[in-house]
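Asks: Below are the sequence and a predicted model; questions follow.
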Amino acid sequence: MDLKFNKNEDANKLLVAEVKQRFQKISLGGGKKKIEKLHAQGKMTARERIDYLLDNDSEQIEIGAFVGDGMYKEYGGCPSGGVVVVIGYIFGRQCIIVANDATVKAGAWFPITAKKNLRAQEISIENHIPIVYLVDSAGVFLPMQDEIFPDKEHFGRIFRNNARMSAMGITQISAIMGSCVAGGAYLPIMSDEAIIVNKTGTIFLAGSYLVKSAIGESIDNETLGGATTHSEISGVTDYKVETDKEALDKIRSILSKIGKPKQACFSRIEPKSPKKDPKEIYGILPELRNQPFDMHEIIDRLIDDSEFDEYKTGYGSTIICGYARVDGWAVGIVANQRTVIKNKKGEMQFGGVIYSDSASKASHFIMNCNQKKIPLVFLHDVTGFMVGSRSEHGGIIKDGAKMVNAMANSIVPKISIVIGNSYGAGNYAMCGKAYDPRLIVAWPSAKIAVMSGESAAKTLLQIQVSSMKAKGESLSKEKENELLQSITDRYDKQTTPFYAASRLWIDAIIDPTETRKIISMGIEAASHNPIKEDYKVGVIRT
């Protein structure tokens with residue numbers, strides 16, 4: 001191992017350590033005092049409930065752990081969006097669990113909470129896997145009701161999805177383990193089966209205070225909508241239990257008896273470990289975004305037996321395409337490759353730029369994978385499509401459109417891993433969030449934006465300087481440098497994986513060594529929903 005490898009390794013391990021440290025803080029939700037208060041009420045935390053529910057020592061993926069990070073500071077923050085979402089296994093059956101975190105504003109729904117819940121339902125719908133709701137929420141966060149209540153992708157969409165998922169035959173089970181108020185009361189009752197915990201679970205459209213002010217009736221919450229009321233009088237719930245653990249045991253019992261899912265046609269054989277050590281990825285991936293590395297070396301450490309059947313080797317070299325297996329699953333890999341670019345000053349730069357030939361190659365390969373029913377894995381390290389007169393005259397726009405068309409119309413599952421840069425239209429062509437990847441995750445080294453902070457700052461500065469010149473004003477070199485640095489700092493903050501994760505542009509920030517697990521569990525989830533349509537693409541310019 002050389003000095004460069006060691007420097008890269010140290011830098012990337014520090015990034016992974018930062019992710020783990022920030023997660024430890026976020027996983028405390030509203031803090032230790034709030035957790036102690038919950039325990040004093042005889043309740044488990046959201047994460048404790050999920051850990052108890054899932055099979056011991058089984059693999060899991062947390063979706064949106066960093067959602068809300070740095071947001072809603074005026075209200076004290078909203079760690080993980082006030083809800084924990086995990087893909088895991090119950091009696092060996094892959095499920096998605098959604099658990100309100102009552103330590104965060106009593107589990108109230110912020111705008112990002114709704115977005116995260118909708119993402120959980122989307123994963124359930126796309127993959128036809130069961131979904132479990134562990135309900136403990138005070139309802140909509142009223143100071144922000146205008147940003148969560150009335151629109152298409154707001155709170156009400158969740159109950160619309162409940163109804164549609166039921167019609168699709170997707171198993172939905174709810175446990176009412178705390179408050180369940182107002183419109184939120186529909187979520188558990190629109191599930192197939194509802195469990196309620198005695199003395200701690202309550203469900204009603206209006207609590208006792210609102211009932212008093214609305215109709216003058218005096219009644220306590222337990223009599224109004226407690227476990228006994230809904231299990232013995234209203235018939236709203238199906239099972240009454242005494243503790244959180246009893247409720248979770250009931251969910252496990254129900255799920256242990258549901259029928260086996262239909263299996264998709266994706267190929268899987270006995271898994272093999274990569275021949276090359278995945279931990280070496282830390283030393284291969286450059287510390288800086290403008291340094292070269294060979295993406296083949298990354299791929300070799302992600303795939304079974306490090307065996308890769310490369311497609312069109314030597315042609316369109318800025319995109320690598322090929323067939324492999326990951327944890328036994330057959331996959332088609334589309335990955336960006338950094339190449340040398342010379343700027344006007346003759347200086348060498350390294351960027352994962354997409355040229356016309358690489359876009360055409362990728363388009364053909366994506367079509368092949370759809371024809372053969374092979375899931376697609378996208379490894380992002382892209383700065384965008386090549387610009388300039390030569391590229392424009394060569395038809396880069398139509399070749400890029402061809403790739404986007406082929407990818408957007410894919411019927412096989414797509415999984416995106418943002419390794420390095422993911423800028424501009426390159427993000428779109430490589431199956432960014434807007435193009436329905438089954439899962440999209442990022443390594444701590446990822447950068448996601450319309451362009452790099454440096455490029456954006458220079459562009460914005462040029463615009464501002466030109467505007468001032470047009471007004472007869474001028475800017476000193478010192479002020480110009482200050483402004484450039486200010487714009488760069490602001491823009492760089494917005495390109496980090498934490499910024500992307502907080503807004504759910506990605507599902508998770510992962511340790512690179514977890515990549516095989518993400519791909520395998522993603523394809524396994526997709527295998528529960530057989531492909532029912534033929535692959536078709538739209539009009540493609542030639």
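Replies: That came through fine.

Asks: where's the residue nearest to Q172 when sequence neighbours are not counted, which helix or strand?
Replies: Nearest in space to Q172, with sequence neighbours left out and distances taken as Cβ to Cβ, 6 or more residues apart in numbering, is S191 at 4.1 Å. C-betas here are computed from N, CA, C, even on glycine. Under DSSP states H and E, no helix or strand contains S191.

Asks: what residues are up against S191?
Replies: By Cβ atoms under 8 Å, 6 or more residues apart in numbering, the contact list for S191 reads 133, 162, 172-174.

Asks: so which of those is the most crowded?
Replies: Y133 (30 neighbours; other Cβ atoms under 10 Å).

Asks: Tell me the secondary structure at the nearest residue in space to G538 that is not next to it in sequence.
Replies: Sequence neighbours aside, N405 is the residue nearest to G538 in space, at 5.4 Å (criterion: Cβ to Cβ, 6+ apart). Following DSSP: H, G, I helix; E, B strand; the rest coil, we place N405 in the helix state.

Asks: again, but for K276
Replies: coil.

Asks: Do I have it right that it meets R301?
Replies: Yes - K276 lies in contact with R301 (Cβ atoms under 8 Å); the separation is 4.8 Å.

Asks: Quick check on these two: which one has the bigger neighbour count.
Replies: R301 (21 against 18).

Asks: about what we covered before: can you pull the phi/psi pair for the residue nearest to Q172?
Replies: Main-chain dihedrals, S191, degrees, to the nearest 10: phi -80, psi 170.

Asks: before we move on, back to that, quick one: which of the contacts of S191 has the lowest pLDDT value?
Replies: Looking at the contacts of S191 by pLDDT, the weakest one is N162, with 94.

Asks: Confirm that that one lies within a helix, as I assumed.
Replies: Yes - counting by three-state DSSP, N162 is part of a helix.

Asks: tell me, how many neighbours does H128 end up with?
Replies: Around H128 there are 20 residues (other Cβ under 10 Å).

Asks: mind checking pLDDT for the closest residue to it other than its chain neighbours?
Replies: Counting by Cβ to Cβ, 6+ apart, N529 is the residue found nearest to H128 once chain neighbours are left out, at 3.8 Å. Predicted confidence (pLDDT) at N529: the value is 92.

Asks: Give me the distance from the longest helix seen in the chain to the chain's centre.
Replies: Ranked by residue count, the top helix of the chain under DSSP state H comes out as helix 3-26. Taking Cα atoms, centre = their mean, to the nearest Å, one finds helix 3-26 lying 21 Å from the centre of the chain it belongs to.

Asks: Residues in contact with it: which ones?
Replies: Against helix 3-26 from outside (Cβ under 8 Å, 6+ apart): 65-66, 69, 79-80, 281-287, 443-445, 498, 509, 511-512.

Asks: who's in contact with stretch 408-415?
Replies: 366, 369-370, 373-378, 407, 431, 435-440, 518-519, 522-523, 526, 531, 533-538.

Asks: try it again with 7 Å
Replies: Contacts to stretch 408-415, defined as Cβ atoms under 7 Å, 6 or more residues apart in numbering, come from residues 366, 369-370, 373-378, 431, 435, 437-439, 519, 522-523, 526, 531, 533, 535-538.

Asks: in the stretch 201-350 of the chain, what spans have low per-residue confidence?
Replies: Applying pLDDT under 70 to the stretch 201-350 of the chain picks out residues 340-350.

Asks: what about 80?
Replies: 205-213, 217, 220, 289-290, 339-350 (pLDDT under 80).

Asks: can you pull the contacts of the residue nearest to G538?
Replies: N405 neighbours (Cβ under 7 Å, 6+ apart): 537-538, 540.

Asks: just the strands in the stretch 301-450 of the chain please.
Replies: Per DSSP state E, counting those that start in this stretch, the stretch 301-450 of the chain carries strands over the ranges 309-311, 319-326, 329-336, 339-342, 348-351, 353-354, 376-382, 384-385, 414-423, 439-442, 447-449.

Asks: returning to that earlier point: of the contacts of helix 3-26, which belong to helices?
Replies: Short answer: the contacts of helix 3-26 in helices (DSSP H) are 281-284, 498.

Asks: Scan those residues and report the most crowded one.
Replies: I281 leads the ones in helices among the contacts of helix 3-26 on contacts (other Cβ under 10 Å) with 24 neighbours.

Asks: isn't it right next to E297, touching?
Replies: No - in this structure, I281 is not within contact of E297 by Cβ atoms under 7 Å, at 8.3 Å.

Asks: thinking again about what came up before, of all the strands of the stretch 301-450 of the chain, which one comes closest to V140?
Replies: strand 439-442 (27.8 Å; Cβ to Cβ).

Asks: which residues of the stretch 401-542 of the chain fall in helices?
Replies: 424-429, 453-470, 477-494, 497-502, 515-526 (DSSP state H, counting those that start in this stretch).

Asks: Could I get these in TSV, plus columns for distance to L224?
Replies: Putting the helices of the stretch 401-542 of the chain into TSV (distance: least, Cβ to Cβ, whole Å) gives the following:
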stretch	distance to L224
helix 424-429	50
helix 453-470	54
helix 477-494	46
helix 497-502	37
helix 515-526	40
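
Asks: mean pLDDT for those: which is lowest?
Replies: helix 453-470 has the lowest average pLDDT among these, namely a mean of 77.

Asks: Break down the stretch 201-350 of the chain into its helices, ranges please.
Replies: Under DSSP H, counting those that start in this stretch, the stretch 201-350 of the chain gives helices at 208-215, 221-225, 227-228, 244-255, 281-284, 295-300.

Asks: In contact with I523, which residues?
Replies: 266, 329, 375, 413.

Asks: Looks like the first one contacts S527 (just checking).
Replies: What that stands for is F266. Yes - with contact defined as Cβ under 7 Å, F266 reaches S527; the gap is 5.5 Å.

Asks: Have a look at these two and say which one is more surrounded.
Replies: S527 (22 against 19).

Asks: For that one, which non-adjacent residue is spatially closest?
Replies: A264 (4.3 Å).

Asks: Would you enumerate the residues in contact with that neighbour?
Replies: 526-527, 529-531.

Asks: now the closest residue in space to M451 that isn't next to it in sequence, which residues is it bridged with?
Replies: Excluding the flanking residues, the one nearest M451 by Cβ to Cβ, 6+ apart is Y423, at 5.3 Å. Applying DSSP bridges to Y423 gives these bridge partners: A449.

Asks: I'd say Y423 and H380 touch.
Replies: No - with contacts counted by Cβ under 7 Å, Y423 stays clear of H380, the gap being 9.2 Å.

Asks: quick one, helices of the stretch 1-150 of the chain?
Replies: Per DSSP H, counting those that start in this stretch, the stretch 1-150 of the chain carries helices over the ranges 3-26, 32-40, 46-53, 111-127.

Asks: Report the buried residues of stretch 318-336.
Replies: 318-327, 329-336 (16 or more other Cβ atoms under 10 Å).

Asks: okay, how far is it across it, tip to tip?
Replies: 6 Å (Cα to Cα, to the nearest Å).
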